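Asks: got a predicted structure plus its sequence, pasted below:
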Amino acid sequence: MKRRWKQTALIAGVLAAAEAGGSAYLYKRTMKRNNAKVERTMKMAGTDWNQYMPLIQKRKDYMLSQPHEDIYKRSGDGLQLHATYFPQGDKKKIVICFHGYTSQGMSDYIGLSDYYFRNGYSMLLVDQRAHGQSEGEYIGFGCLDRVDACAWIDWAIQTHGEEVKILLHGTSMGGATVLMASGLNLPKQVKAIISDCAFTSPKEVFTHVLHKMYHLPAFPMMQITDYVNRKKAGYGLDECNAAREVCKAKVPILFIHGDADTFVPCSMCDKIQKNCASESKKLIIKGAAHAESYYKDMDAYEQALDEFLGGVMQ
């Protein structure tokens, strides 16, 4: 009997050590800046960007030929945050753009810059904390970035004046950022929000990835990771959830998602919109993988923007 108990205890110890090791590995490669790699994210997302590179390069060349400057702000917890600012038109309309996980401001909105420039929008392309030129060791996954977003909104009002109309546009993690921000007491200058392929919360998207891509159970890995993140980064993985925050939203929201997105499932978009308290519209692009919707069907995407923004930004 004693031998059996020893064997059981040994097995339990090995399993606990394996879970702890797996959780530590997940945390290091996912939550810490230096270990979160864009190449790995692109591989997991599965979107074939090569087919769009000629168009992206052409628009990038034009974009960089326009007047622009680096802007820096301090976050509430003392980090230096960076954004790239493109003034356009009469400066009465500005879109503040928030990129996806492991990306940066000057990457995710190259394609859409054509639309926003044509329609007279100034653009502020934010590097979210722990990305690009912004400081930070731990990634905020929207939970921390939504507070940073408020600092950029204040900057836009101070720079453009009290009459400015502000649009928030986020992609993937950036979409989660703007949706999580929708539950805050936003200034009256924020007129609308666009969310493209946003997830509900870090916990839910990590659970999806563990199940679908690695065929691993989320318990107890998520609980361990959540505990560690609270200690190190200062927030829980489901502390802020876009599906809960939109229950308090007051500005109109356009939800966009690709129905072939395997990284952030389209069902998350449905769940978030179902809970949205403000006026909302939804565009689902057939055959679009993660963050591919604009390139997959530009006409439908831009038409949805025209119809959605026509009544609030003109």
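Replies: The structure has been received and is ready for your questions. Just so it is clear, the structure is predicted and the values come from calculations on it, not from any experiment.
Asks: can you give me the buried ones in whatever helix or strand Ser267 lives in?
Replies: Following DSSP states H and E, one finds Ser267 within helix 266-275. Buried positions in helix 266-275, judged by neighbour count with 16 or more other C-beta atoms under 10 Å: Cys266, Met268, Cys269, Lys271, Ile272, Gln273, Asn275. Just so you know, the C-beta spots here come from the backbone N, C-alpha and C atoms, and that holds for glycine as well.
Asks: what's the answer for stretch 212-220, then?
Replies: So stretch 212-220, judged by 16+ other C-beta under 10 Å, has buried residues Ala218.
Asks: end-to-end on that stretch?
Replies: 17 Å (C-alpha to C-alpha, to the nearest Å).
Asks: and the average pLDDT for it is what?
Replies: Averaged across stretch 212-220, pLDDT comes to 80.
Asks: could I get the contacting residues of Lys281?
Replies: The contact partners of Lys281, taken as C-beta atoms under 8 Å, 6 or more residues apart in numbering, are Pro252, Ile253, Leu254, Phe255, Ala304, Glu307, Phe308.
Asks: would you state the strands of the protein in chain order?
Replies: Using DSSP state E, the strands found in the chain span residues 69-74, 80-86, 93-98, 122-127, 165-171, 190-196, 253-258, 280-285.
Asks: compute the number of surrounding residues for Gln66.
Replies: 12 (other C-beta atoms under 10 Å).
Asks: contacting residues for the residue nearest to it when sequence neighbours are not counted?
Replies: Nearest non-adjacent residue to Gln66, counting by C-beta to C-beta, 6 or more residues apart in numbering: Phe86, 5.7 Å away. Phe86 makes contacts with Met63, Gln66, Pro67, His68, Ser113, Phe117, Ser122, Met123, Leu124, Leu125, as judged by C-beta under 8 Å, 6+ apart.
Asks: for this structure, where's the lowest mean pLDDT among helices and strands?
Replies: In the chain, the helix or strand scored least confidently by mean pLDDT, DSSP states H and E is helix 2-31, which has a mean of 50.
Asks: for stretch 81-92, buried residues please.
Replies: Neighbour-count burial for stretch 81-92 [16+ other C-beta under 10 Å]: Leu81, His82, Ala83, Thr84, Tyr85, Phe86, Pro87, Gln88, Lys91.
Asks: from those, which is closest to Asn229?
Replies: Leu81 (20.3 Å; C-beta to C-beta).
Asks: of the contacts of Phe86, buried ones?
Replies: Met63, Ser113, Phe117, Ser122, Met123, Leu124, Leu125.
Asks: my read is that the first one contacts Leu112, right?
Replies: No: counting by C-beta atoms under 8 Å, Met63 does not reach Leu112; the two are 10.1 Å apart.
Asks: without its sequence neighbours, what residue ends up closest to Val126?
Replies: Nearest to Val126 is Ala83, by C-beta to C-beta, 6+ apart, at 4.5 Å.
Asks: so in terms of bridging, what pairs with that neighbour?
Replies: On the basis of DSSP bridges, Ala83 is bridged to Ile71, Val126.
Asks: ditto for Ile194
Replies: His169, Leu254.
Asks: coming back round to it: and the residue nearest to Val126, what pLDDT?
Replies: What the model reports for Ala83 is a pLDDT of 98.
Asks: now pLDDT and distance to Tyr235 too, for the buried ones among the contacts of Phe86, in TSV please.
Replies: Formatted as TSV, the buried ones among the contacts of Phe86 follow (pLDDT from 0 to 100; distance: C-beta to C-beta, whole Å):
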residue	pLDDT	distance to Tyr235
Met63	97	33
Ser113	98	31
Phe117	97	35
Ser122	98	31
Met123	98	28
Leu124	98	24
Leu125	98	24
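Asks: make JSON lines out of the residues you listed and add distance to Lys212.
Replies: Shown next, in JSON lines, are these (distance: C-beta to C-beta, whole Å):
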{"residue": "Met63", "distance to Lys212": "35"}
{"residue": "Ser113", "distance to Lys212": "33"}
{"residue": "Phe117", "distance to Lys212": "38"}
{"residue": "Ser122", "distance to Lys212": "39"}
{"residue": "Met123", "distance to Lys212": "34"}
{"residue": "Leu124", "distance to Lys212": "34"}
{"residue": "Leu125", "distance to Lys212": "31"}
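Asks: looking at the residues you listed, spot the one nearest Pro220.
Replies: Leu125 (38.7 Å).
Asks: gap between that closest one and Lys231?
Replies: 32 Å (C-beta to C-beta, to the nearest Å).
Asks: coming back round to it: Produce a ChimeraX select command limited to the buried residues of the contacts of Lys281.
Replies: For the buried members of these, the matching ChimeraX selection, counting by 16+ other C-beta under 10 Å, is:
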select :252,253,254,255,304,308
